[in-house]
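Participant: what follows is a predicted protein model with its sequence.
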Amino acid sequence: MTDPHDQTGARRVFDILQEPDWFSGLSTREARLLDGALAFHCLARPGERIRATVLRTDGPHLPSLTDHGTQRIEWADDRRVVGTIEAHATGTPLPGHGVVDVVLDLGGPPEALMRLEQLPGRLHAARNAARGRAPVAFDVLRQLRTDRLENRRLSRPIPRVGRAENTSVGSSRGQTPAVLFGLHWLELGGAEKWAAETIGMARDAGLFPIVISDRPSGHPDIARPVFDDALVVPLTHPVPAEHESRLLSQLFERFDVRGVHVHHCTWLYQRLPWIRAQYPGTELVDSLHVLEWRTGGFVDIALRMSNVMDAHHVISPQLRDYLVDRQGLPREKVTLATLADLTVDPAAERSEPATGRKPGDPLTVAFVGRFTQQKRPYLFLRLAARLRDRLGDRVRFVVHGDGELATEVRADHARLGLAGVVELRGPGTPVAQTLDEADVLVISSDNEGVTLTSFEADAHGVLVVSSDVGSQASVVPTELLLPRAPLPFLRAAEDTVVSLCEDPDRAARLLVEQRAKVDAFAALPRARDWTRSLYERWAS
Amino acid sequence: MTTTNVAAVIVTYNRADKLGKVIEQVLAQDRPADQVIIVDNASTDSTAEVLATYEGRPTVHVERLGTNSGGAGGFAHGMSVAYERGADSIWIMDDDCYADPDALRQLLDGHAAAEASMGMRLPFACSVVRWTDGEICEMNNPEPTWDWGKLLVRGENAVLVNSCSFVSVLFPRWALTQFGLPLSEYFIWFDDQEYTRRITAAGPGVQVLRSTVTHDLGVNRGVNFGDVNDGNMWKFEYGVRNEASYRWHHEDPFAALRFAQRLYSGLAGGRVPWRLRRRLARKWLEGIRFDPKPAFPRTVL
């Protein structure tokens, strides 16, 4: 059996003094988390022997790999010791005596971590209880707050870091050309999907991928082949301050870091001014996906850091307009390059419109997406209840997804008496099957960039009815855009679906319009092309 | 390097006789517009036949409105369509405006040069508007800023301005993103003044002296309240309501009172009949209650 360690790029920066036999008992995910943690501790203390005590648990606990807690040699009762291991950074003389002890907790298995979806604390419990009992009322208040924050945010300038005045000295010193990536975490998400793709592209261009993530997670995707032979450091916070600079400076000294590509990684964003000051020869770029009006999100962090960055890649026209028109970034610094082809091959034949259903067949209305607050599945269920009352058996519904609100969705489904009307489907069924059956896809999200599901739906000949958020207007006909506020959304969605059910000609006309919009959007520059040429330039 | 996608927007209503020449002049620019959007404001003459001859052209896009929304509504619609179609700059004009062959290029170059010289983004650039005899067109002479000669002394052929009319004016996309569209509720008159004044919150506009167009009006005369008569009363009614609204709500009540005083003097000077003066006074009062809010275009491409 191949030792999972042999597949990681972490071995470029540390050596294990003696390979323990318990290694083969680790899952690939655990082995890679351990490698990332050892890489961090060895780089943070080059020239020292790192003696790690490795723990795991069956409970719902996230890994602890690089934080202050790793320096304490005690642990909770439910942790089990997997084994111990000694390592040291490559390229430094091995000290004869003295070791630094760290305790690396690999956390619980991914199944156990699913139970962590609800944040702990009384406030969150109260919030979840309110949302569970009265989700629409909860959402009304939430959207009012979003409106207020949106107005406030647009009227206040976002502070910016100062420009680096002297950028004439310093450069990365290593031999191997590399790209430093910043990721949120290594699990499900549109931004993560794109990030993983860029890591593969960097490797194809001959650049060694170094990946830093900064959010607590079990990182289930770390086992994916795209991370083979990459140096992945999954940070857990708080990282001791002296270790942060040591980690980065060691990476820059050991590798020829040609560029930093930030994908939704707050920690790395906040260290860009330091990187620009110390290693001005390295290009700093990011990829931005969605405007988050409530928190500002990564777009605001990118704006704050823009003075020390070279380019921003955005995936939607809305983000381009926000950065260039509203925030005054130079147009040449912001590149719009879409992910229209990330899940759908634009060259592929489209399905014939499902609106060609036979007279008498019910109209199938679908929801496809994660069950999260952002996607608002509870609105779809209420829409289904209203439409059932109005259209009876002329309409049927499929809700396809899973996620942190799964329990609430099931409870709502029962409470609204939707058994037999709304079919619930989980990840066991392919999305393509649901889209093949659907006539109309309803997107009820309160925020989006551009939903990749819209492209998938269009490819299956499904008409998309969506809340008017993010850049949804880029791919959805104006007549099918709905207000974001929940009650107006329900009213407008109900009328729209009734009209589509009763007027197949209108549905057919709107599908033609939707296809024209999707085609125009697909004709915009592609993110893959932009990134490929960027990495080729970095590699040359 | 980035390229600028320019959309020309022509708003027309029952001007079939002049429209063809207006479109020809736009299509014949030495720096052609990437899109030419023609908004037909529900014309009842032979405009549709004129437009039919251009509809096959690759850059021409015709929008037909179901009802006449006035110049203000037509420009708001056309600018919104241009924005949705991804225009970086939007060049708008009336249906009796003949652009000289280099008008657009000069506007783009002049705007870019003025921005570089001022070190800031400027929200619009307008052309010099001539009447058919080559003199300045009185109705379309923009109002300069207090420091209007700033660019002239730097050797640039441009003047800083506070406002201008919608006869050959170029708006960068960001102005629409930040400030929205002209107020279609104004229907006609003062929509251009309100809009250009609104967007100068971001900085002055610039009149590019090398960019020239001809405005084919019947007579060369500016707006003068002494000219009010039964035939043109409907336009003045919109004009008074709109300007009173603007002065009251966007400047201050004293500005609205000064406008009332100017209105009174103008009407008195022209010996306008009292029944028309009373109607305009009522429109002034209506303006105080009238305060439409701008719509914002939607980002599509």
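Facilitator: Cool, got the structure.
Participant: every contact and neighbour count from this point should use C-alpha atoms.
Facilitator: Will do.
Participant: point out the other helices and strands that the biggest strand by length in chain B packs with.
Facilitator: If each strand of chain B is counted by residues according to DSSP state E, the longest one is strand B:205-215. Packing partners of strand B:205-215 (3 or more Cα pairs under 8 Å, 6 or more residues apart in numbering or on different chains; DSSP states H and E): strand B:97-99, helix B:103-118, strand B:125-130, strand B:158-163.
Participant: with mean pLDDT, mean neighbour count and distance to chain A as extra columns, can I get these in CSV?
Facilitator: Converted to CSV, these look like this (pLDDT from 0 to 100; neighbours: other Cα atoms under 10 Å in any protein chain shown; distance: least, Cα to the nearest Cα, whole Å):
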stretch, mean pLDDT, mean neighbour count, distance to chain A
strand B:97-99, 98, 27, 28
helix B:103-118, 98, 20, 13
strand B:125-130, 98, 28, 17
strand B:158-163, 98, 26, 21
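Participant: between these, which one is nearest to A:W75?
Facilitator: Closest approach to A:W75 among the helices and strands packed on strand B:205-215 (Cα to Cα): helix B:103-118, 62.5 Å.
Participant: by how many degrees do the closest one and strand B:158-163 diverge?
Facilitator: Note on geometry: by axes from the mean of the first three to the mean of the last three Cα atoms, to 10 degrees, helix B:103-118 and strand B:158-163 are set 90 degrees apart in direction.
Participant: can you list the low-confidence ranges for chain B?
Facilitator: B:1-2 (pLDDT under 70).
Participant: kindly report the domain assignment for it.
Facilitator: The record's domain parsing of chain B by automatic domain parsing lists B:6-215, B:225-289.
Participant: would you mark the buried spots in the helix or strand bottoming out on mean pLDDT in chain A?
Facilitator: Between all helices and strands in chain A, the lowest mean by mean pLDDT, DSSP states H and E belongs to helix A:110-113, at a mean of 76. Residues of helix A:110-113 classed as buried: A:110, A:112-113 (neighbour count, 16 or more other Cα atoms under 10 Å in any protein chain shown).
Participant: restrict the residues you listed to those near chain B?
Facilitator: The overlap between those and the neighbourhood of chain B (criterion: Cα under 8 Å from any Cα of the partner chain) is empty.
Participant: may I ask you to name the longest helix in chain A?
Facilitator: helix A:135-155 (DSSP state H).
Participant: next secondary structure after that one?
Facilitator: Later in the chain than helix A:135-155, the nearest helix or strand by DSSP states H and E is strand A:176-183.
Participant: rounded mean pLDDT for that next one, please.
Facilitator: For strand A:176-183, the mean per-residue pLDDT is 96.
Participant: thinking again about what came up before, most packed of the domains of chain B?
Facilitator: Mean neighbour count, computed with mean count of other Cα atoms under 10 Å in any protein chain shown, is highest for domain B:6-215 among the domains of chain B, reaching a mean of 21.
Participant: so how far is it off the chain centroid?
Facilitator: Between the mean C-alpha location of domain B:6-215 and the chain-wide mean there is a distance of 6 Å, by Cα atoms, centre = their mean, to the nearest Å.
Participant: look at that domain and report the distance between its end residues.
Facilitator: 22 Å (Cα to Cα, to the nearest Å).
Participant: using CSV, write out every CA atom in stretch A:276-293.
Facilitator: Written as CSV, here are the backbone C-alpha positions of stretch A:276-293 (Å, rounded to 0.1, in the frame of the first residue of the first chain):
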residue,chain,number,x,y,z
ARG,A,276,4.8,43.0,-0.6
ALA,A,277,7.2,44.8,1.7
GLN,A,278,9.6,41.8,2.1
TYR,A,279,9.2,40.1,-1.3
PRO,A,280,8.2,42.8,-3.8
GLY,A,281,9.2,40.6,-6.7
THR,A,282,6.2,38.3,-6.0
GLU,A,283,2.9,39.2,-7.8
LEU,A,284,-0.2,39.3,-5.6
VAL,A,285,-3.6,38.5,-7.1
ASP,A,286,-6.9,37.2,-5.9
SER,A,287,-10.2,35.7,-7.2
LEU,A,288,-13.4,37.2,-5.9
HIS,A,289,-16.8,35.6,-6.2
VAL,A,290,-19.5,37.3,-4.3
LEU,A,291,-20.4,40.6,-2.6
GLU,A,292,-21.6,40.1,0.9
TRP,A,293,-23.6,43.1,2.0
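Participant: briefly note if it comes near chain B.
Facilitator: No. Applying Cα under 8 Å from any Cα, one finds that stretch A:276-293 is not in contact with chain B, the shortest distance being 13.5 Å.
Participant: leaving out chain neighbours, which residue sits closest to the closest residue to chain A within the stretch 101-250 of chain B?
Facilitator: Closest residue of the stretch 101-250 of chain B to chain A, Cα to the nearest Cα: B:W174 (4.1 Å). Excluding the flanking residues, the one nearest B:W174 by Cα to Cα, 6 or more residues apart in numbering or on different chains is A:D325, at 4.1 Å.
Participant: near chain A, which residues of chain B?
Facilitator: Applying the criterion Cα under 8 Å from any Cα, the portion of chain B that neighbours chain A consists of B:1-2, B:173-175, B:177-178, B:298-301.
Participant: one more pass at 10 Å, please.
Facilitator: For chain B, the residues found near chain A under the criterion Cα under 10 Å from any Cα of the partner chain are B:1-3, B:84-86, B:120-121, B:172-179, B:298-301.
Participant: which of those residues fall in helices?
Facilitator: Secondary structure assignment (DSSP H) places B:84, B:173-179 from those within helices.
Participant: picking that back up, now the buried residues of helix A:110-113 as a markdown table including distance to B:T47?
Facilitator: Output for these, formatted as a markdown table (distance: Cα to Cα, whole Å):
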| residue | distance to B:T47 |
| --- | --- |
| A:P110 | 68 |
| A:A112 | 70 |
| A:L113 | 68 |
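Participant: need the domains of chain B in a markdown table (columns: distance to A:A302).
Facilitator: Rendered in a markdown table, the data for those read as follows (distance: least, Cα to Cα, whole Å):
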| stretch | distance to A:A302 |
| --- | --- |
| domain B:6-215 | 20 |
| domain B:225-289 | 35 |
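Participant: relative to A:E244, which of those is closest?
Facilitator: Using Cα to Cα as the criterion, the shortest distance between A:E244 and the domains of chain B is 38.9 Å, found for domain B:6-215.
Participant: quick check: bridge partners of A:D286?
Facilitator: With DSSP bridges as the criterion, the beta-bridge partners of A:D286 are A:V262, A:H312.
Participant: I figured A:V161 hits A:L303, correct?
Facilitator: Yes. A contact is recorded between A:V161 and A:L303 when judged using Cα atoms under 10 Å, the distance being 8.9 Å.
Participant: the two: who's more crowded?
Facilitator: When A:V161 is set against A:L303 and neighbours are counted by other Cα atoms under 10 Å in any protein chain shown, the residue ahead is A:L303, at 21 against 14.
Participant: the more buried one: what's it in contact with?
Facilitator: With contacts defined as Cα atoms under 10 Å, 6 or more residues apart in numbering or on different chains, the neighbours of A:L303 are A:158-161, A:296, A:309, A:312, A:323, A:327-329.
Participant: got the angle for the helix or strand containing it vs helix A:135-155?
Facilitator: When elements are defined using DSSP H and E, A:L303 is found to belong to helix A:297-305. With the same axes, to 10 degrees defining the directions, helix A:297-305 sits at 10 degrees from helix A:135-155.
Participant: next one: phi and psi at A:L336?
Facilitator: The main-chain torsion angles of A:L336 are listed as degrees, to the nearest 10 and equal phi -90, psi 120.
Participant: mind listing the residues bridging to it?
Facilitator: In this entry, A:L336 is beta-bridged to A:V314, by DSSP bridges.
Participant: need the pLDDT of it.
Facilitator: pLDDT recorded at A:L336 is 95.
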